[in-house]
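1. can't give you the sequence, but here's the structure:
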């Protein structure tokens, strides 16, 4: 992977990777600000702002004008908000990169935030919230986040609430943008059939005049849990939805590849432990998977399963048993080798697309202020040992750190508590 990096005088970081075998160009503009940076009373403002920059600028007065300019050349335009970052991205045929860059820059620098567009988008977000609440296999992940983090911003719904979105004003959104969209929190990553110097010139022209701002400030998050936690939401669903959650390590922890190996052993592919035991051997669930999220100072691990309400106790017990196996028994050498090869293969195949490469180099620059090549990451994966996995699993997988969230036809709030012992 050919990587070039330039830092402008005001702190904007530009990272690119030329891919000679593709004819596309992908551009991602990422600010290190997200739901964790919001005050409680403005929860959801990052996501609201992300929506609003698509609604019109001085030169492109409405969302149709913005999207047509990209789509008329075959391009794709979108954005996403997470707990620590917000990104805006575009993928186009390479000869239209400058046009795509100008559209994104215009959206971020010259949005008008018209009140009538804001009111329409407020109702769109309300419907998005309703859709999540009405979809228990989505909503359960918000429930487990809140349960694990007990009101801390790291566990708050990224989308906000009907109350906070309903009270959000135009001034709130603009003030948040002015306070957080600063050059020293901005990474511009591009990949494909591109030229690094061209991307730097475009960045200098559009973002180079911005004054450097203050660094991001996060509300710190500490693990204080000393006993298992349980939350049961009674709903007359045909399927019970369960999430087991626990605090984990930060993406800055040197053991992050060990944690990712734990996740892979549990849930990567149809040969993973959860899939083989919960679905194939026991027939308890159609959907069962795990994921680990790393944040700047903390992390979180979650296992999800959807099962018949009559089998929910058996499913919870079986999932917990798989977790305890990682803590109590070394991962056999053959299984560890197979898992490593799966992870490395997924990395190689996943980076065949220009947007994936732009995301790879941009996220690494944003998180680590350096960019490892896929080969370097694969070397780190190969270095993970069974002993390291067992040691970290022993640190993370403790009964007093476990939280269980359940949605289903269960009126008794305590009926599952004995399973967490």
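-> On my side now, so go ahead. Quantities reported herein were computed from a predicted structural model and do not represent experimental measurements.

2. CA atoms for contacts and neighbours, from now on please.
-> Fine.

3. mind listing what the residue lying closest to residue 213 once chain neighbours are set aside touches?
-> Nearest residue to residue 213 in three dimensions, chain neighbours excluded: residue 182, at 5.2 Å (Cα to Cα, 6 or more residues apart in numbering). If you count contacts by Cα atoms under 8 Å, 6 or more residues apart in numbering, residue 182 has them with 31, 210-214.

4. what does stretch 263-270 rub up against?
-> The contact list for stretch 263-270 (Cα under 8 Å, 6+ apart) reads 272-276, 289-292, 322, 335-336, 339, 342-343.

5. residue 372: neighbour count?
-> For residue 372, the count of nearby residues is 15 (other Cα atoms under 10 Å).

6. on the three-state scheme, it is what?
-> Secondary structure, DSSP: H, G, I helix; E, B strand; the rest coil: residue 372 is coil.

7. and for residue 245?
-> Classification of residue 245 by three-state DSSP places it in strand.

8. and what of residue 289?
-> strand.

9. report the separation between it and residue 408.
-> Residue 289 sits 19 Å away from residue 408, going by Cα to Cα, to the nearest Å.

10. what does residue 61 give?
-> According to Cα to Cα, residue 61 and residue 408 sit 46 Å apart.

11. again with residue 90
-> To residue 408, residue 90 is 40 Å away according to Cα to Cα.

12. how about residue 378?
-> 41 Å.

13. which of those two has more residues huddled nearby?
-> residue 408 (22 against 19).

14. bridged to that one, which residues?
-> Per DSSP bridges, the residues bridged to residue 408 are residue 234.

15. pretty sure it is touching residue 239, no?
-> Yes: shown here, residue 408 and residue 239 form a contact pair, counting by Cα atoms under 8 Å, at 6.7 Å.

16. so what sits against both of the two?
-> residue 309.

17. re earlier: can you say which of the contacts of residue 182 are buried?
-> For the contacts of residue 182, a burial check counting by 16 or more other Cα atoms under 10 Å picks out 31, 210, 212-213.

18. give me the neighbour count for the residue nearest to residue 211 when sequence neighbours are not counted.
-> Counting by Cα to Cα, 6+ apart, residue 211 lies nearest to residue 10, which is 6.3 Å off, once chain neighbours are set aside. When neighbours are counted by other Cα under 10 Å, residue 10 registers 17.

19. for the one 5 residues further on, same thing?
-> By other Cα under 10 Å, 22 other residues sit near residue 15.

20. verify the contact between it and residue 360 for me.
-> No: look at residue 15 against residue 360 with Cα under 8 Å: they stay out of range, at 10.3 Å.

21. residues in contact with both of these two, list them for me.
-> By Cα under 8 Å, 6+ apart, no residue touches both residue 15 and residue 360.

22. could you list which residues are in contact with the spatially most central residue of the chain?
-> Geometric centre of the chain, nearest residue: residue 82, 5.3 Å, by Cα atoms, centre = their mean. Counting by Cα under 8 Å, 6+ apart, residue 82 makes contact with 34-35, 158.

23. which element is residue 220 on?
-> Using DSSP states H and E, residue 220 sits within no helix or strand.

24. next up, phi/psi of it, please.
-> Backbone geometry at residue 220, expressed as degrees, to the nearest 10, gives phi -60, psi 150.

25. distance of it from residue 347?
-> Applying Cα to Cα to residue 220 and residue 347 gives a distance of 32 Å.

26. these two - which one has more neighbours?
-> When neighbours are counted by other Cα under 10 Å, residue 347 comes out ahead of the other of residue 220 and residue 347, with 17 against 12.

27. so what's the residue lying closest to that one once chain neighbours are set aside up against?
-> Of all residues not flanking residue 347 in the chain, residue 374 sits nearest, at 7.1 Å (Cα to Cα, 6+ apart). Counting by Cα under 8 Å, 6+ apart, residue 374 touches 1, 347-348.
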